[in-house]
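**Student:** Have a look at this fold, sequence not included:
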């Protein structure tokens, strides 16, 4: 009987009491999970926070932001004590609230705080009996920067005349470091760079109007700091309208028979047989679907541009050549007298003698040598600050990616690779991801008036 009493005492009293004490004296700190959009506090900022305590439950959460002797309490939440009897019901004691989440807008400008460093402090406690019933405490400190002011931008260049499909240059100044800046032209962004002037705060940005952008296009300098604050500065500019001609290209059955077998479309080739209809369908697929992909492949390497102006004076055109097609020509494709497609020609076609030497239009760095679909063998040269020249339909190439070339160096020979109907050079100029009219860059007067005049003018 005595042993039974001892056993019952142990089972009914000692074990439950031990289990109870084990729970109420638990020593695990609450957990804090915080999500900050960034370390920079802007005017639109929201702190996301989750606190968890799976032991005795949450007792208190205090969140403050402090700057110097200024402090603002963002959250001060006490959780009700539910009694320790719930340890027998739910397996824990205290509040019974094991997790809570917060979304807290931080409006530092309302707290009398200035732009500069600040600290977010988080204090979380639970209902454990540890620490003389003060509970387990978790604390977290996050250093942040209050930044509500946009960058200060000053446009230094004064006159900006640009045509539809043309190029321009803007010079501006930003004193702050780490600012992403450039020129916004409609939906296109053209980054600005230091390096053209000794003062690193002075930036230069080549920009362009595509052949689809004319008078009325919104153009401004834009700057964004790491906090996300954005500054926009308009500048005087005049946009000149320009019309582009329409050209008719007759796609003969002979051309289709000779050219289409050159294009390996992989598994897609199975969709097109060798009949006249099949060859025409393959041509249309290439002209409509492959063309834009090839254009992107030419423009993509320009992201690797240098912030060094490697070129000087006007760009060269293919010596002794005639213009066979112009920039932004609206091409109407016909087969056996019937219109089959329409596309826009994003360069200038120049024809001389067969296998003519192709000179580098200006000094720069070769950033691409590749076989690119409709363009055939192609060379891309970076001239700095996002300005690039491209040479397509080549038969032979003499340069490699990474080579430095000087104006006039022979880099290739003309040919008929790609979708060329005869031996010629397809020459293009791009400013970042937009093709522009090469005719401007062949004109020394245009360069003097639109580029050098800005570089040589005394800056304010």
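**Tutor:** All right, it came through fine. Not measured: the values here are computed from a predicted model.
**Student:** Quick one: the strands in the stretch 201-350 of the chain, in order.
**Tutor:** For the stretch 201-350 of the chain, the strands defined by DSSP state E, counting those that start in this stretch occupy 202-208, 219-224, 230-233, 238-240, 246-250, 322-325, 329-335, 338-345, 348-351.
**Student:** What lies in contact with the fourth one?
**Tutor:** Outside strand 238-240, the residues within contact range by Cβ atoms under 8 Å, 6 or more residues apart in numbering are 160-164, 166, 209, 214-217, 219. Every residue, glycine included, has its C-beta placed from N, CA and C.
**Student:** Residue 57 against residue 80, yeah?
**Tutor:** No: Residue 57 is beyond contact range of residue 80, at 10.0 Å (criterion: Cβ atoms under 8 Å).
**Student:** ok, these two, which is more surrounded?
**Tutor:** Legend: neighbour count by other Cβ atoms under 10 Å for residue 57 and residue 80, higher for residue 57 (26 against 11).
**Student:** looking at the chain, which helix or strand is least sure?
**Tutor:** Lowest by mean pLDDT, DSSP states H and E among the helices and strands of the chain is helix 15-24, with a mean of 45.
**Student:** Toward the C-terminus from that helix, list the very next helix or strand.
**Tutor:** Using DSSP states H and E, the helix or strand that follows helix 15-24 in sequence is strand 31-35.
**Student:** In terms of secondary structure, what does that following strand contact?
**Tutor:** strand 46-52, strand 116-126, strand 137-146 (3 or more Cβ pairs under 8 Å, 6 or more residues apart in numbering; DSSP states H and E).
**Student:** Show me the one of those strands that comes nearest residue 281.
**Tutor:** strand 46-52 (53.7 Å; Cβ to Cβ).
**Student:** Show me what counts as buried in that closest one.
**Tutor:** 47, 49, 51-52 (16 or more other Cβ atoms under 10 Å).
**Student:** got the angle for that strand vs strand 137-146?
**Tutor:** Strand 46-52 and strand 137-146 are oriented at 170 degrees to each other (axes from the mean of the first three to the mean of the last three Cα atoms, to 10 degrees).
**Student:** partners of strand 46-52, with directions?
**Tutor:** strand 31-35 (antiparallel), strand 99-105 (antiparallel) (DSSP bridges).
**Student:** Now do the helix or strand just after the first one: everything it contacts.
**Tutor:** This means strand 31-35. Proceeding N to C from strand 31-35, the next assigned helix or strand is strand 40-41, under DSSP H and E. For strand 40-41, contacts defined as Cβ under 8 Å, 6+ apart pick out 106, 108, 118, 144-148, 225-228.
**Student:** before we move on, back to that, which one of the strands paired with strand 46-52 lies closest to residue 350?
**Tutor:** strand 31-35 (56.9 Å).
**Student:** now the angle between strand 116-126 and the closest one, please.
**Tutor:** Using the same axes, to 10 degrees: strand 31-35 against strand 116-126 is 150 degrees.
**Student:** which stretches of the stretch 151-300 of the chain have low pLDDT?
**Tutor:** Scanning the stretch 151-300 of the chain for pLDDT under 70 picks out no residues.
**Student:** From residue 39, how far off is residue 142?
**Tutor:** 8 Å (Cβ to Cβ, to the nearest Å).
**Student:** Find the residue closest to the residue most central in space within the chain in space, skipping its chain neighbours.
**Tutor:** For the chain, residue 189 is the residue whose C-alpha lies nearest the centre (Cα atoms, centre = their mean; 9.3 Å). Sequence neighbours aside, residue 182 is the residue nearest to residue 189 in space, at 5.6 Å (criterion: Cβ to Cβ, 6 or more residues apart in numbering).
**Student:** Show me what the strand or helix carrying the one you found is packed against.
**Tutor:** Taking DSSP H and E as the criterion, residue 182 maps to strand 180-185. Here strand 180-185 touches strand 167-174, strand 188-191, strand 202-208, strand 219-224, going by 3+ Cβ pairs under 8 Å, 6+ apart.
**Student:** nearest to residue 404, of these?
**Tutor:** It's strand 202-208; of the helices and strands packed on strand 180-185, that one is closest to residue 404 (Cβ to Cβ) at 20.4 Å.
**Student:** tell me the angle the closest one makes with strand 180-185.
**Tutor:** 30 degrees.
**Student:** Contacts made by strand 202-208 with the rest, please.
**Tutor:** Contacts of strand 202-208 (Cβ under 8 Å, 6+ apart): 156, 162, 165-174, 181-183, 185, 188, 190-197, 219, 221, 385-387, 431-432, 434, 436, 459.
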